[in-house]
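In: I'd like to go over a predicted model; first the sequence, then the structure.
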Amino acid sequence: MLALLVIAGTLGISIIYAGYHAFEDSVFLNQNTFRDSDFSRYLDLYFGEGRAWNTGFRYRVLVPYLARLLPDVPPVFFNPDRPPINPTQAAAMKFAFIAFLFLLGTCVVLYHLIQGFGVPARYAALGAPLFLGLKQVVWISGYPSVESAYCFFFSLAVLAVQRQKIGLLVLATTVGVLVKELVLIVIALILFAPFAWSRRLWLVAAVAPALVIHFGLRLWLAPHPDDHLLSGEFVKDILPTLIQLFSLNSAVQLFITFGFLWVPCFSALRQGQLPAMLSRWSWFMPILLVVAVAFGEPNVGPKMTSAFPVVIPMAVIGLSDWLRQSK
């Protein structure tokens, strides 16, 4: 575990550091683009103002409020020749620190998740660098966002399903839904798990509090006319998105999401090396494509990244087999 934390911590610091400075540059060079970005809306939530309160982003309150609780970084840590830190930069630093902690947490969860599929610890540790090397993780982790926290709570929910831990599943989903509502898609993995139906129903029931919290906020406590889901606006985007899905650009984006990990992943699947649960969970990938189409998102990469708790264990199993054969 110590070796895992050293590897994950080193890679995590580099990713967060580079991402934060890329964020600073993007704000300075592209003010107009930044104002229309998701990152701007998360900062609006942090400051308690702005357009975020007129979109679905206002249900993702946990990370911005955690960032609020952190103190500002003392000036002694900065180069004395650096210009003074403005409020936006200070807030982004807090988001970056939180992202780093959640990235480490996700690596630890993945380690236990992969071991749960019968993979030895020395190979299970491969999951951390593979996760931290994903395009979406590298690109967004240093920016003000909720994605790192979402990865943690979603992987924790998947681990709870694998181990059939009802209490852990309740915790991961009820807290996770306040990070990003997509954590609810763990229900698909529950339904595909090779458990008795009675057990699967208990696990689905464990997600019910998260469903109540999210739709309670969305329907009753804070309704608004611009909600993409409740307004039905997503319906008109389905056909154009479906057409776009079969384009070369979508194929490229789909490949880049996990890169060459697709090779050991499908090698393990084809050779029948996967445990029954992981084999059945391979259907999660087309489910995510359906979700992307249903919500009118032509860029499939961000949605498909949610398959990492399935793809990475599959890839590790394929890679570990190759490594054993090379001895």
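Out: Okay, I see it.

In: where along the stretch 51-200 of the chain do the helices fall?
Out: Taking DSSP state H, counting those that start in this stretch as the criterion, the stretch 51-200 of the chain carries its helices at 62-69, 87-115, 121-124, 127-132, 135-140, 147-163, 166-176, 186-192, 197-216.

In: and stretch 265-280, end to end?
Out: Here the two ends of stretch 265-280 are set 14 Å apart, with distance taken as C-alpha to C-alpha, to the nearest Å.

In: out of the helices of the stretch 51-200 of the chain, deepest packed?
Out: Mean neighbours per residue, mean count of other C-beta atoms under 10 Å, is largest over those for helix 147-163, with a mean of 25. Quick note: C-beta positions are derived from backbone N, CA and C, even for glycine.

In: by contact count, what packs against that one?
Out: helix 87-115, helix 135-140, helix 166-176, helix 186-192, helix 308-325 (3 or more C-beta pairs under 8 Å, 6 or more residues apart in numbering; DSSP states H and E).

In: and that helix, what's its mean pLDDT?
Out: Mean per-residue pLDDT for helix 147-163: 96.

In: how about the contacts made by V310?
Out: Going by C-beta atoms under 8 Å, 6 or more residues apart in numbering, V310 touches 158, 189, 278, 281-282, 284-285.

In: show me those that map onto helices.
Out: Using DSSP state H to define helices, the subset of these located there is 158, 189, 278, 281, 284-285.

In: would you reformat the residues you listed as TSV and include distance to I140?
Out: Converted to TSV, those look like this (distance: C-beta to C-beta, whole Å):
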residue	distance to I140
V158	20
L189	23
L278	26
W281	24
F284	21
M285	20
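
In: of those, closest to V119?
Out: L278 (10.2 Å; C-beta to C-beta).

In: report how many residues lie close to the closest one.
Out: 21 (other C-beta atoms under 10 Å).

In: A193 too?
Out: Neighbourhood size, A193 [other C-beta under 10 Å]: 18.

In: I'd say G301 and F255 touch.
Out: No: G301 lies out of contact with F255 (C-beta atoms under 8 Å); the separation is 9.6 Å.

In: more neighbours: those two, which one.
Out: G301 (20 against 12).

In: is G142 in contact with E24, as I believe?
Out: No: in this structure G142 lies outside contact range of E24 using C-beta under 8 Å: 9.4 Å.

In: who's more crowded, these two?
Out: Neighbours per residue, other C-beta under 10 Å: of G142 and E24, the larger number sits with G142, 25 against 15.

In: how many neighbours does the residue lying closest to the more buried one once chain neighbours are set aside have?
Out: Using C-beta to C-beta, 6 or more residues apart in numbering and skipping the chain neighbours, the partner closest in space to G142 is G19 (1.7 Å). Burial of G19 is recorded as 22 neighbouring residues (other C-beta under 10 Å).

In: what sits against G19?
Out: Neighbours of G19 in contact, by C-beta under 8 Å, 6+ apart: 96, 138-143.

In: gap between it and K165?
Out: G19 sits 32 Å away from K165, taking C-beta to C-beta, to the nearest Å as the criterion.

In: also A3?
Out: 26 Å.

In: what do you get for T106?
Out: The value you get for T106 to K165, if C-beta to C-beta is used, is 17 Å.

In: with H214 instead?
Out: From H214 to K165 the distance is 21 Å (C-beta to C-beta).

In: try F131
Out: Distance from F131 to K165, by C-beta to C-beta: 21 Å.

In: which ones are touching the closest residue to L178 other than its chain neighbours?
Out: Nearest residue to L178, sequence neighbours excluded (C-beta to C-beta, 6+ apart): L62, at 4.2 Å. By C-beta under 8 Å, 6+ apart, the contact list for L62 reads 146, 149, 175, 178-179.

In: returning to that earlier point: adding pLDDT, write the contacts of G19 out as CSV.
Out: Formatted as CSV, these follow (pLDDT from 0 to 100):
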residue, pLDDT
A96, 92
V138, 91
W139, 87
I140, 86
S141, 86
G142, 86
Y143, 88
